[in-house]
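J.: okay, structure incoming, though there's no sequence with it:
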């Protein structure tokens, strides 16, 4: 499949229109039309999951401390496929987005609520740290499996303060530490990469802008 709506607002609106049109008939429905599948595909794409297609089927996962397997998608009878593999987290996220949307079925503000949730669910774009291609990646968001919609996690945003992050490719933890009177530094625990930053750089967005300016100068 190919993306039709690539802008988050448009994708959220199309998904909301589908929810308002079909309502609770979407639950456990195994015969959705191409238009509904396209709305799901666009929503998942805008959340950064990079799907190949949306197909009918459920994904079963092991239940901790049990021999039982439970379905990841309990309401939406369609799963997300990336490449040739089922994507369990993306499938759970789509299932939770459907349940979340149905909670506001035919209510004013449904479009805005789905859009806001989509933005929260979108990962931070990797931040290039060096001209050699070292990248900062956000750490995995915390999942509370006791929540009604556990897959609707909140990702790191540009306006968030710099915290524990991951060094792309190396996969080591990146720490921010005060190193001099005027600078902090990002340190990788695994490969010992060190990137000096002025103390004024507090957020991921400020880090992104600062590094981009430095790379242009160099």
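T.: Good, I have the coordinates. None of the values given here were measured: they were computed from a predicted structure. Residues are numbered from 1 along each chain as shown.
J.: how about the helices of this protein, start to end?
T.: In the chain, helices defined by DSSP state H lie at 8-22, 34-46, 88-102, 110-120, 204-217, listed in chain order.
J.: which one, of those, ends up nearest to residue 62?
T.: Using CB to CB as the criterion, the shortest distance between residue 62 and the helices of the chain is 10.9 Å, found for helix 88-102. C-beta coordinates here come from the backbone N, C-alpha and C atoms, glycine included.
J.: which stretch among the helices of the chain comes nearest residue 61?
T.: Distances from residue 61 to each of the helices of the chain were compared using CB to CB; the shortest belongs to helix 88-102, at 6.1 Å.
J.: hmm, what's the outermost residue in the protein?
T.: No residue in the chain has its C-alpha farther from the mean C-alpha position than residue 181, which lies at 36.6 Å (CA atoms, centre = their mean).
J.: number of nearby residues for residue 42?
T.: Around residue 42 sit 25 other residues, with neighbours defined as other CB atoms under 10 Å.
J.: and for the one 5 residues further on?
T.: Per other CB under 10 Å, the neighbour tally for residue 47 reads 24.
J.: any figure for the gap between the residue lying closest to residue 204 once chain neighbours are set aside and residue 180?
T.: In space, and not counting its chain neighbours, residue 204 is closest to residue 158: 5.1 Å by CB to CB, 6 or more residues apart in numbering. Using CB to CB, to the nearest Å, residue 158 is found at 26 Å from residue 180.
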